[in-house]
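Colleague: Show me how the following folds:
(one chain, ligands or ions: 3)
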Amino acid sequence: MKTRAAVAFEAKRPLEIVEVDLEGPRAGEVLVEIKATGVCHTDAYTLDGLDSEGIFPSILGHEGAGVVVEVGPGVTSVEVGDHVIPLYTPECRQCKSCLSRKTNLCTSIRATQGKGLMPDGTSRFSYKGQAIAHYMGCSTFSNYTVLPEIALAKIRKDAPFDKACYVGCGVTTGVGAVTNTAKVTPGSNCVVFGLGGIGLNVIQGLKMVGADKIIGVDINNDKEEWGRRFGMTDFINPKNVSDVVAEVVRLTDGGADYTFDCTGNTDVMRQALESCHRGWGESIIIGVAEAGKEIATRPFQLVTGRVWKGSAFGGARGRTDTPKIVDWYMDGKIEIDPMITHTFALEDINKAFDLMHEGKSIRSVIVF
Ligand code: NAD
Ligand code: AHE
Ligand code: ZN
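Modeller: Ligands and ions are numbered 1, 2, ... in the order given. Just a heads-up that it's a prediction; the model follows:
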C-alpha cells in the first residue's frame with residue numbers, strides 16, 4: 001500500500017512529506033493506522049545527527065497511538081479495530097530480560113530494531129524502490145506503519161488518540177522514572193533538571209507520590225510557570241546562581257533524596273549526581289546524550305553513598321504498564337492536555353521541531 005509519511009532523508013535536513021510504499025504485515029506483525037503522534041526531543045536528536053544509531057533515510061517518530069488495521073499470521077494478542085500504542089521498548093515476556101523481572105528492557109528484537117529493521121531483518125518501507133529504515137521499531141511519523149505484535153500495547157477505546165500518544169514516550173518516561181526506577185517515597189526532596197516534555201512529567205509523578213520539595217532547574221525562565229503548574233515548589237535558573245549544586249544543597253539541607261536529569265547534557269548529569277544527599281541520594285539519568293559524550297564525577301561521590309542510575313521508558317513494561325497509565329489519565333490521576341501546547345497536520349511537522357528548539361513548546365502532537 002501507499003502511505004503518507006514524513007521522511008528523514010538526511011541528517012540536519014527538514015523532514016519531507018512524501019507517499020512511501022509499505023508492505024503488509026508478515027508473521028507476528030501488525031499493520032497500524034497511526035492517528036496521532038507526539039514529537040519528542042529524541043526524534044530531534046536523531047534528526048540532528050547526534051544519535052550513534054541514527055540511520056538515513058528513515059521514518060522517525062516513536063510516540064504514537066492508532067488502530068489495528070490488519071494482523072499477520074500467528075498474531076493473537078491484538079485484533080483488527082483494537083486501539084494501540086506502539087512500544088519502542090517491547091515486552092515479549094519470554095526473553096532473558098523479561099523473565100528476569102529486573103528490567104523493562106526486553107532484548108528479543110533490540111538488535112534488528114537498532115538497525116532500522118523488522119525482526120526478520122528487512123524493512124517494510126520503501127521509496128522509489130529504495131528501502132527506508134524503521135525508527136525505534138515504531139516510525140509513527142507515517143500514517144500507516146508495521147510493528148511486531150510484542151511492540152503494541154492495547155489500550156481502552158475511549159482514550160483520545162491525540163492525548164494517549166504522549167503515553168507512548170513522554171508521560172510514561174517521566175512518571176515511570178519516579179514510580180518504577182527511583183521508587184520515590186512520600187516526603188522526599190527532589191530536583192528535576194530540564195523542564196520540558198519529560199521533566200514536567202517527572203514533576204507530576206513526584207507530586208502524585210507525595211514528594212515534599214520539588215525543585216526545578218532550567219535555563220529557560222518561561223519554564224518556571226510550567227513547573228509550578230504541575231507541582232514544582234522551587235525554581236533555579238543556573239544563569240542566575242554561581243553554583244547550582246550549592247544552591248540545591250542549601251535548599252534541601254544537605255542535598256536531595258532524588259534528582260533527575262531530563263536534559264541529555266552530560267555536565268548537567270554531573271550536577272544532578274552531585275546535588276544528591278551524602279549517604280543515600282539517588283540520581284536518575286533520563287536525558288539521552290550526544291554520540292561520543294561521557295559522564296564524569298569524582299568516585300568519592302559514589303563512595304560516599306550517592307547512587308547513579310538510568311531509566312529508559314520510565315522502567316515501564318510496555319504491554320503491561322502503558323494501558324494502566326492511560327487509565328490514570330482517564331481517571332484524572334495525571335494530566336496530559338495542558339502539556340500538549342501545539343497540534344499540527346503532518347505537512348507542518350517541521351514547525352514542531354522548530355518550536356522545540358526555540359523552547360516555545362512543551363509537546364507538539366501531529367494529528368493524521
Ligand atoms: P525538551 O526539549 O522538551 O526539554 C528539555 C529541557 O531541558 C528544556 O526545557 C531546556 O530548556 C532544558 N535544558 C537544556 N539545557 C539545559 C541545561 N544546561 N540546564 C538546565 N536545563 C536545560 O526535551 P524532552 O522531550 O523533555 O526530552 C528531554 C531529554 O530526555 C532528551 O535528552 C530526550 O532525548 C530524553 N528522553 C529520554 C527518554 C528515556 O527513556 N530515557 C525518553 C524520552 C526522552
Ligand atoms: N540510540 C541512542 C540511545 C537512545 C536512547 O537511550 N533511547 C532511550 C529512549 S529515548 C525515547 O525518547 C532508550 O529507551 N534506550 C534504551 C535502548 O535500548 O535504546 C544511542 O546512544 O545509541
Ligand atoms: Zn521519546
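
Colleague: Any buried residues in the longest helix along the chain, and which?
Modeller: Determined from DSSP state H, the single longest helix within the chain is helix 318-330. Neighbour counts using 16 or more other C-beta atoms under 10 Å place Gly318, Arg319, Asp321, Thr322, Pro323, Ile325, Val326, Trp328, Tyr329, Met330 of helix 318-330 among the buried residues. Placement of C-beta: from N, CA and C, glycine included.

Colleague: Could you state which residue of this protein sits nearest its centroid?
Modeller: Relative to the mean C-alpha position of the chain, the nearest C-alpha, by C-alpha atoms, centre = their mean, is the one of Cys169, at 3.4 Å.

Colleague: do you know how far that residue is from ligand 3?
Modeller: Cys169 sits 3 Å away from ligand 3 when distances are taken as C-beta to the ion, to the nearest Å.

Colleague: That residue contacts Tyr88, correct?
Modeller: Yes - proximity of Cys169 to Tyr88 meets the contact threshold set by C-beta atoms under 8 Å, at 7.3 Å.

Colleague: Which neighbours do the two have in common?
Modeller: Common neighbours of Cys169 and Tyr88, counting by C-beta atoms under 8 Å, 6 or more residues apart in numbering, are His62, Phe313.

Colleague: Pro25 versus whatever residue of the stretch 251-368 of the chain ends up closest to ligand 2, what's the distance?
Modeller: With distances taken as C-beta to the nearest ligand atom, the stretch 251-368 of the chain approaches ligand 2 most closely at Ala312, which sits 3.4 Å away. Spatial separation of Ala312 from Pro25 under the definition C-beta to C-beta, to the nearest Å is 26 Å.

Colleague: now the stretch 101-250 of the chain, which segments are flagged as low pLDDT?
Modeller: For the stretch 101-250 of the chain, not a single residue meets the criterion pLDDT under 70.

Colleague: Which residues of it lie near ligand 1?
Modeller: 169, 173, 193-199, 217-220, 223, 238 (C-beta under 6 Å from any ligand atom).

Colleague: Among those residues, name the ones in strands.
Modeller: Phe193, Val217 (DSSP state E).

Colleague: and of the residues of the stretch 101-250 of the chain next to ligand 1, the nearest to ligand 2?
Modeller: Distance from ligand 2 was checked for each of those by C-beta to the nearest ligand atom. The minimum falls on Cys169, at 5.0 Å.

Colleague: Now for the residue nearest to that closest one when sequence neighbours are not counted: which residues touch it?
Modeller: Closest residue to Cys169 in three dimensions, ignoring its sequence neighbours and counting by C-beta to C-beta, 6 or more residues apart in numbering: Glu63, at 4.0 Å. Taking C-beta under 8 Å, 6+ apart as the definition of contact, the neighbours of Glu63 are Thr37, Gly38, Val39, Cys40, Thr140, Cys165, Tyr166, Gly168, Cys169, Gly170.

Colleague: Select from these the one having the most neighbours.
Modeller: Neighbours were tallied for each of these (criterion: other C-beta atoms under 10 Å), and the maximum of 37 neighbours falls on Thr37.

Colleague: Looks to me like that residue is in a strand.
Modeller: Yes - read with DSSP: H, G, I helix; E, B strand; the rest coil, Thr37 is one of the residues of a strand.

Colleague: Who does it form a beta bridge with?
Modeller: In this entry, Thr37 is beta-bridged to Gly64, Ile366, by DSSP bridges.
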